[in-house]
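*Asks:* model this:
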Amino acid sequence: MKRHLLVPLAALSAIYGQLPAPNQPPSLVIGRAELLNALKSPNLKPGDLFYLRTLDPWRQNGCSIPPHTTITGRVENPTPSPAHPHDTILALRFSELPCSGSSTTLLTPVLVSIDAPSPNRYDGNPVTSFRDFFPNELDPTTRSTQPTSDAENAAIQRYQLNEMRVTEKPMKAGEVRGYRGIALDLPLREDPVAKLSSNHNIVLNRATEFIFAYVPTPTSNPEFGDPAPPPVSVSALRANPAAPSPPPEEPEDVCASSGCRELAPVPETRDAHALWSLPLAELGYQPRPVQRILGLDHSASVHFLGEDQLLLTFTRHVLMPRSPDSDSWATNLRSVRGVLISRADGHLLLVKDWIVSDDIGPFAWSFGNGVVIAHVGHDLVRFGPGLTIQQRFRLAGPLFLLTTSPRRDLLLAVTIHEKHSREQHAQIANTIGPSFPVDEEYDLTGLNADLKMTGTRHETVAPLRPALLEQSMVSARPLRGMDWLLEESTWQGESKRFAHFRSACPLQIESFPGDLLFIQGCEPVGAGRWYRVLNTHGATLFKGVGPPTDLIQQADSSDDGRLFAIALSHFKKLPVDRSTQLQIQDFTNLTVTVYDTATGKQCFAAHPRQGSSESDTFSLSPSASTLAVLTSTSLQLFPLPTPAAKK
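*Replies:* Coordinates of the predicted model:
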């Protein structure tokens, strides 16, 4: 949740000099930064470093600081107070920051106030503009590499600001909120060292917000103006922004109002019989049942490669050679085995091993119509039947995420852009600890079906996974409380409201063949889970609910959109979601249910005897006639009934 920051100008006049004339109210653009490691005065000594990251984009006079910029703090040798010689004094200095767009301007962060972390605080990722990112018509010669304009960035920030409701009283200069008995002495212009004092030890927790004013460093750029800064407008952070009219509530009985169907599994009277079952141990697969994972695993997957072949991929647990220094981002190599299998009888056709240059996430994806995209070395590779390489695209860095449009003719690849040197990265990681990742930057690349680039963007904050459609994308954005807004953004830069939901957890969205959108959320009351299947107009076609002990592992539709399948892992007592830490051996109860999208009725359900911890645990054949299910010990193929004709 954003917090309004009100900095009394009189209180800052000691830093910046005399106030301007009354008819020219000064303004100071304030920025927030989050403390990445706790500060405990008994454990600190002069020279110790600590780190923060900015939370909001900051801009003034053509100078900007993007979100998630790293600020380095340094503990200084304090000067005891003559009036209180026994007080604890914590003196803090902050490193200069370069002004984006200028190689000569440096800004000094000046600490204005401190706000303790709140358990109810949620800062959503900033909106990413995809204007001209993908071509309006799928022309491989169309390409845009221009970054979002300043005007467009400003419009996005104004939109985000106006959508937020101020719920807390403004911060004041010199205020330390949420920590008893700690005082902040505002820095002076000639010595921008902030001093915290207390008659007891000073402890600032991780995620504490530091509120900064950014002032030009003297002599850094004579053209930037007097170091006494041009005033940052408190109007940029409005004291009383008008609350937007809330979007219409989703009706409780959504299916009764829109005509959608509620999907409910039907108890099976008999087990489904597999056409064949292939033991994984015979292929070199080595399970690690006690391995701990966060939510779901990405070490194995199954995909149809054409109608008559299946591609099984899994990580081989073998000792990997260290990468050369020249290959700085290939530091966590994985050995992957691809096994090509005949759909007719399950016999092996081909076995191929390759190296993946990172260990962040999945390494194979279904691309529709029996085509598979795989991460091979530093490349995205498009496989055809027989594992023939049809296209190849070189990635700019470690692959963070990959998502596709329903027809699989548009891809969004997000790679990590290392913004620190190896030494800086190691130093920050050592300071903040292994439980928290070091902030990186991200390169977003648009690709067409031939893996030709259509557009690029550079972001300083990790993007949330959007759902790509053919002419637009849909992303989820938190509003207030448990309200979530789905926004649709076209490739022309136009945005509109798409749908509105209430969820106690962040929404997850993805697009499927047949122009379907799959939305997951949590019940506002109770701990249950819900999901919706929407069309491209935002209308709900199907909905389903489940207990908090069910984890939705995977959902997908057939290439023609006539079948919709969902995989659930069932846990007896433990409420689970994708942020729960589990052991692979905890996944023992798996159900894959297939629905006919024309009727909403269940047409098939598989209950394998073993579970699966994989995020890709099933695959529908291009003709929707068979279903492959991957468990912890075997790969099974099931026949599917013919779906009803699509209306």
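*Asks:* Gln390 contacts Leu380, correct?
*Replies:* No - judged on CB atoms under 8 Å, Gln390 makes no contact with Leu380 at a distance of 11.4 Å. (Each C-beta comes from the backbone N, C-alpha and C, glycine too.)
*Asks:* which one's more surrounded, these two?
*Replies:* Leu380 (22 against 12; other CB atoms under 10 Å).
*Asks:* ok so the more buried one is a strand residue?
*Replies:* Yes - looking at Leu380 with DSSP: H, G, I helix; E, B strand; the rest coil, it is inside a strand.
*Asks:* what's the pLDDT at it?
*Replies:* Model confidence at Leu380, given as pLDDT, is 95.
*Asks:* that one bridge partners, please.
*Replies:* Bridge pairing for Leu380 (DSSP bridges) gives the partners His375, Phe393.
*Asks:* likewise for Arg32?
*Replies:* Bridge pairing for Arg32 - DSSP bridges - gives Ile211.
*Asks:* my guess is it meets Leu55, correct?
*Replies:* Yes - between Arg32 and Leu55 a contact is recorded at 4.4 Å, counting by CB under 8 Å.
*Asks:* quick check: neighbours shared by those two?
*Replies:* Glu209 (CB atoms under 8 Å, 6 or more residues apart in numbering).
*Asks:* OK, contacts around Trp484?
*Replies:* Applying CB under 8 Å, 6+ apart, we find Trp484 in contact with 476-478, 500-503, 506-507, 521.
*Asks:* who wins for most neighbours among those residues?
*Replies:* Neighbour max across the contacts of Trp484 (other CB under 10 Å) = Ala476, 24 neighbours.
*Asks:* now do the helices in this structure.
*Replies:* Under the criterion DSSP state H, the chain contains helices at 9-16, 150-163, 254-258, 422-432.
*Asks:* quick one on the thing from earlier: from the contacts of Trp484, which ones fall inside strands?
*Replies:* Within the contacts of Trp484, residues falling in strands by DSSP state E are 476-478, 500-502, 521.
*Asks:* kindly reformat these as TSV containing distance to Glu282.
*Replies:* Below are the ones in strands among the contacts of Trp484 laid out as TSV (distance: CB to CB, whole Å):
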residue	distance to Glu282
Ala476	42
Arg477	48
Pro478	47
His500	50
Phe501	45
Arg502	48
Gly521	41
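*Asks:* of the residues you listed, which is the nearest to Pro46?
*Replies:* The shortest approach to Pro46 among the ones in strands among the contacts of Trp484 belongs to Pro478, at 40.9 Å (CB to CB).
*Asks:* tell me which of the ones in strands among the contacts of Trp484 is nearest to Gly181?
*Replies:* Gly181 has its nearest neighbour among those in Pro478, at 33.9 Å by CB to CB.
*Asks:* pLDDT at the closest one, what is it?
*Replies:* Pro478 is given a pLDDT of 84.
*Asks:* now Arg131
*Replies:* 68.
*Asks:* swap in Leu411?
*Replies:* The confidence metric pLDDT takes the value 92 at Leu411.
*Asks:* count of neighbours near it?
*Replies:* Leu411 has 23 nearby residues by other CB under 10 Å.
*Asks:* can you pull the contacts of it?
*Replies:* 373, 402-405, 446-448, 451, 468.
*Asks:* also Cys505?
*Replies:* 521-522, 577.
*Asks:* compute the first-to-last residue distance for stretch 426-443.
*Replies:* Start and end residues of stretch 426-443 are separated by 22 Å (CA to CA, to the nearest Å).
*Asks:* list the buried ones in it?
*Replies:* 427-428, 431-432, 438-443 (16 or more other CB atoms under 10 Å).
*Asks:* over to stretch 512-528?
*Replies:* For stretch 512-528, the neighbour count (16+ other CB under 10 Å) marks 512-523, 528 as buried.
*Asks:* closest to Asp596 among those residues?
*Replies:* Distances from Asp596 to the buried residues of stretch 512-528, taken by CB to CB, are shortest for Gly514, at 12.1 Å.
*Asks:* so for that closest one, what's the nearest residue that isn't a sequence neighbour?
*Replies:* Nearest residue to Gly514 in three dimensions, chain neighbours excluded: Gly561, at 1.6 Å (CB to CB, 6 or more residues apart in numbering).
*Asks:* thought the one you found was touching Asp515?
*Replies:* Yes - counting by CB under 8 Å, Gly561 touches Asp515, with 6.9 Å between them.
*Asks:* one step back: burial of the residue nearest to Gly514, as a residue count?
*Replies:* Applying other CB under 10 Å, we find 19 other residues in the vicinity of Gly561.
*Asks:* how much space separates it from Pro639?
*Replies:* Distance of Gly561 to Pro639, computed by CB to CB, to the nearest Å: 20 Å.
*Asks:* what's the spacing between the residue nearest to Gly514 and Pro513?
*Replies:* Gly561 is 5 Å from Pro513, by CB to CB.
*Asks:* next, count neighbours for Thr591.
*Replies:* Applying other CB under 10 Å, I find that Thr591 has 18 neighbouring residues.
*Asks:* ok, the closest residue to Leu534 other than its chain neighbours - contacts?
*Replies:* Take Leu534 and drop its neighbours on the chain: the residue closest to it by CB to CB, 6+ apart is Leu517, 4.3 Å away. Listed by CB under 8 Å, 6+ apart, the contact partners of Leu517 are 467, 474, 509-511, 533-536.
*Asks:* show me what Leu517 bridges to in the sheet.
*Replies:* Ser511, Leu534.
*Asks:* wait, Ile293 touches Arg578, no?
*Replies:* No - between Ile293 and Arg578 there is no contact under CB under 8 Å: 10.3 Å.
*Asks:* contact partners for Lys195?
*Replies:* 78, 89-92, 184-185, 187.
*Asks:* and it, how far is that from Thr88?
*Replies:* Lys195 is 11 Å from Thr88, by CB to CB.
*Asks:* Leu312 bridge partners, please.
*Replies:* Per DSSP bridges, the residues bridged to Leu312 are Val302, Val339.
*Asks:* how about Arg177?
*Replies:* Asp115.
*Asks:* next one: Gln602
*Replies:* Tyr595.
*Asks:* quick one on the thing from earlier: just send the buried residues of stretch 512-528 back as CSV, with distance to Asp358 and pLDDT too.
*Replies:* Listed next are the buried residues of stretch 512-528 as CSV, based on distance: CB to CB, whole Å; pLDDT from 0 to 100:
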residue, distance to Asp358, pLDDT
Phe512, 27, 89
Pro513, 28, 87
Gly514, 32, 83
Asp515, 32, 83
Leu516, 31, 88
Leu517, 29, 92
Phe518, 27, 93
Ile519, 29, 93
Gln520, 26, 91
Gly521, 30, 90
Cys522, 31, 88
Glu523, 36, 85
Gly528, 36, 83
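*Asks:* for those, which one is nearest Ala264?
*Replies:* If you rank those by distance to Ala264 using CB to CB, Gly528 comes first, at 13.8 Å.
*Asks:* which residues does the closest one contact?
*Replies:* Contacts of Gly528 (CB under 8 Å, 6+ apart): 522, 545-548.
*Asks:* farthest pair in these?
*Replies:* Cys522 and Pro547 (11.6 Å).
*Asks:* which residues are common contacts for these two?
*Replies:* With CB under 8 Å, 6+ apart as the test, Cys522 and Pro547 both reach 528-529.
*Asks:* residue ranges with poor pLDDT in this structure?
*Replies:* Within the chain, the stretches with pLDDT under 70 are 1-28, 79-86, 101-104, 119-132, 135-168, 189-190, 218-259, 265-271, 320-331, 643-647.
*Asks:* domains in it, by residue range?
*Replies:* If you go by automatic domain parsing, the domain ranges for the chain are 9-237, 298-321+329-463.
*Asks:* with distance to Thr617 added, can I get the ones you listed in CSV?
*Replies:* Compiled in CSV, these are given as follows (distance: least, CB to CB, whole Å):
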stretch, distance to Thr617
domain 9-237, 28
domain 298-321+329-463, 8
